[in-house]
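Colleague: how does the following fold in three dimensions:
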Amino acid sequence: MATHPMLAIPFFARWKAGIARDLTVTLLWNTGFAVLFTGLGLLYDASTVTWKFFWSNFIIAQCIGSLIHSTFAFTSRRWPGLKDASLLVRTLYYTLVPLASVLVGMWLAAVLIGNRGMQRWVLTPEGAGAMSLVSVVISATLLLVLVPRERAARAEAQRAREQATVAAAERAATIAQMKLLEAQVEPHFLYNTLAHVDALVEADPASARLMLSRLTALLHAAARSATGESTLASQVEWTRAYLEVLALRMGPRLAWTIDVPPDVLGTVTPPALLQPVVENAVKHGLEPRVDGGAIAIDAHRDGAMLVLTVADTGAGIAATTQRASTGIGLPNLRARLATLYGTRASLAIEDNVPRGTRVTIRLPL
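Modeller: Predicted structure coming up:
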């Protein structure tokens, strides 16, 4: 009974749903009516109010209330579309169920109490009329409690659906933007590489052909990233091709390693995770230094998390945390991870030892 009036009280709403909760709140609700009618008896004629009077009211309230609540519980399962019915249908439902339950419950209580006069009185027009009046009071109470709660629940559900739709759209847009960024090759990088090839064509044709071969592999990897599912393997492929081209351009000024075990290569990841971090490390960490430096890329499982690490021996945090020229710098990447994973993902930037920067990305597997 997810809409029992007693569940409007936070203390009971926090209880675990089940038969025990339903029976408890029904018992308390019915007892409240017994106390109410006993109090009315005190106001009318205090001399007639005895323990037996309260006990009779208690039996009557339990019979009527239990019938009402059990009927509601049964019909809500058999008639799941009731919540979407018109207000007229629901009003009739909340009126007729208490009316029938009051008449049957009153007669049943009279049998349990052993009051034959009450049994006969319930079946008379006067008795049925009085019980109908009680039923109207109960129905009005139920409508006052349940209808506003139902409307509030519907409004909350609608807000939740809208928020979920917006969140899904934001995630889809974020992934699309990241795939686009991953498929792009930075224009300056491309121009510099082609200029380097042009300079090598006559002086060192073999190196020029090798650089063109590595550049072609990079463009193929970027094209596959734009059309296929993003996995750690595809990101490693792009990163390796990128670093191979850079190594031909920078020569001994660039050293790099990639240590990714086979068991995590198939992991599905958002696009453009490694790309902006590696590009930042090269452009802002290594290239400004005369002696260049090294980049070490590592991936491993840590329980239910995938941990990616990019460590360089470049110029340090102050330089490598600048915004990458692709438009997705490290702060931007952190924001995109928050959109996709909330607090379950993280991006940490710290000093590397003995020098440089270490960027660590943690994602839920």
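Colleague: which strand or helix spans residue 17?
Modeller: Assigning secondary structure by DSSP states H and E places residue 17 outside every helix and strand.
Colleague: from residue 237, how far off is it?
Modeller: Separation of residue 17 from residue 237 (CB to CB, to the nearest Å) stands at 50 Å. In short, each C-beta sits where N, CA and C put it, glycine included.
Colleague: excluding chain neighbours, what is closest to residue 13?
Modeller: residue 7 (4.8 Å; CB to CB, 6 or more residues apart in numbering).
Colleague: thinking again about what came up before, which one of residue 17 and residue 237 has more residues nearby?
Modeller: residue 237 (19 against 11; other CB atoms under 10 Å).
Colleague: the more buried one and residue 212, how far apart?
Modeller: Distance from residue 237 to residue 212, counting by CB to CB: 18 Å.
Colleague: also residue 122?
Modeller: 98 Å.
Colleague: low-confidence ranges, the stretch 151-300 of the chain, go.
Modeller: Along the stretch 151-300 of the chain, segments meeting pLDDT under 70 span 166-191, 196, 221-229.
Colleague: would you map the strands across it?
Modeller: 254-259, 293-302 (DSSP state E, counting those that start in this stretch).
Colleague: which one of the ones you listed is the most hemmed in?
Modeller: strand 293-302 (a mean of 18; mean count of other CB atoms under 10 Å).
Colleague: quick check: phi and psi on residue 14?
Modeller: When read as degrees, to the nearest 10, the backbone of residue 14 gives phi -80, psi -10.
Colleague: so which bits of stretch 342-359 are buried?
Modeller: Judged by neighbour count (16 or more other CB atoms under 10 Å), stretch 342-359 contains these buried residues: 345, 347, 349, 352, 356-359.
Colleague: so what's residue 200 up against?
Modeller: 207-208, 211 (CB atoms under 8 Å, 6 or more residues apart in numbering).
Colleague: let me have those residues in JSON lines, extended by neighbour count.
Modeller: Below are the contacts of residue 200 laid out as JSON lines (neighbours: other CB atoms under 10 Å):
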{"residue": "207", "neighbour count": "15"}
{"residue": "208", "neighbour count": "18"}
{"residue": "211", "neighbour count": "21"}
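Colleague: Throw these into JSON lines and include distance to residue 294, thanks.
Modeller: Shown next, in JSON lines, are the contacts of residue 200 (distance: CB to CB, whole Å):
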{"residue": "207", "distance to residue 294": "22"}
{"residue": "208", "distance to residue 294": "26"}
{"residue": "211", "distance to residue 294": "21"}
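Colleague: touching, residue 121 and residue 131? I think so.
Modeller: No. The pair residue 121 and residue 131 does not pass the contact test of CB atoms under 8 Å, sitting 9.5 Å apart.
Colleague: which segments of the chain make up each domain?
Modeller: 5-168, 184-364 (automatic domain parsing).
Colleague: okay, these, which one's buried deepest?
Modeller: Note that of these, domain 184-364 is the most buried (mean count of other CB under 10 Å), with a mean of 17.
Colleague: how is residue 55 assigned, secondary-structure-wise?
Modeller: helix (DSSP: H, G, I helix; E, B strand; the rest coil).
Colleague: separation between it and residue 38?
Modeller: In terms of CB to CB, residue 55 sits 10 Å off from residue 38.
Colleague: swap in residue 249?
Modeller: In terms of CB to CB, residue 249 sits 93 Å off from residue 38.
Colleague: what of residue 47?
Modeller: As for residue 47, its distance to residue 38 is 14 Å (criterion: CB to CB).
Colleague: which other residues reach stretch 109-124?
Modeller: 56, 59-60, 62-64, 103, 106-107, 127-128, 131.
Colleague: centre of the chain to that stretch, how far?
Modeller: 55 Å (CA atoms, centre = their mean, to the nearest Å).
Colleague: do stretch 304-321 as well
Modeller: 29 Å.
Colleague: dump it to CSV, keeping only the CA atoms.
Modeller: Extracted in CSV, the C-alpha atoms of stretch 304-321 (Å, rounded to 0.1, in the frame of the first residue of the first chain):
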residue,chain,number,x,y,z
ALA,A,304,35.9,-2.0,-10.1
MET,A,305,37.8,1.0,-11.5
LEU,A,306,39.9,1.5,-14.6
VAL,A,307,43.0,3.7,-13.9
LEU,A,308,44.8,5.5,-16.7
THR,A,309,48.0,7.3,-16.0
VAL,A,310,50.0,9.7,-18.2
ALA,A,311,53.3,10.8,-16.6
ASP,A,312,55.9,13.0,-18.3
THR,A,313,59.2,14.5,-17.4
GLY,A,314,58.4,17.9,-18.9
ALA,A,315,58.0,21.5,-17.7
GLY,A,316,55.6,20.6,-14.8
ILE,A,317,52.1,21.2,-13.7
ALA,A,318,52.0,25.0,-14.4
ALA,A,319,52.6,24.4,-18.1
THR,A,320,50.8,21.1,-18.7
THR,A,321,47.5,22.2,-17.1
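Colleague: doesn't residue 213 make contact with residue 244?
Modeller: No. Using CB under 8 Å, residue 244 makes no contact with residue 213, being 9.2 Å away.
Colleague: tell me which element residue 363 falls in.
Modeller: Judged by DSSP H and E, residue 363 forms part of strand 357-364.
Colleague: partner strands of that strand, with direction?
Modeller: Using DSSP bridges, the strands paired with strand 357-364 are strand 305-312 (antiparallel), strand 346-351 (antiparallel).
Colleague: no further questions, thank you.
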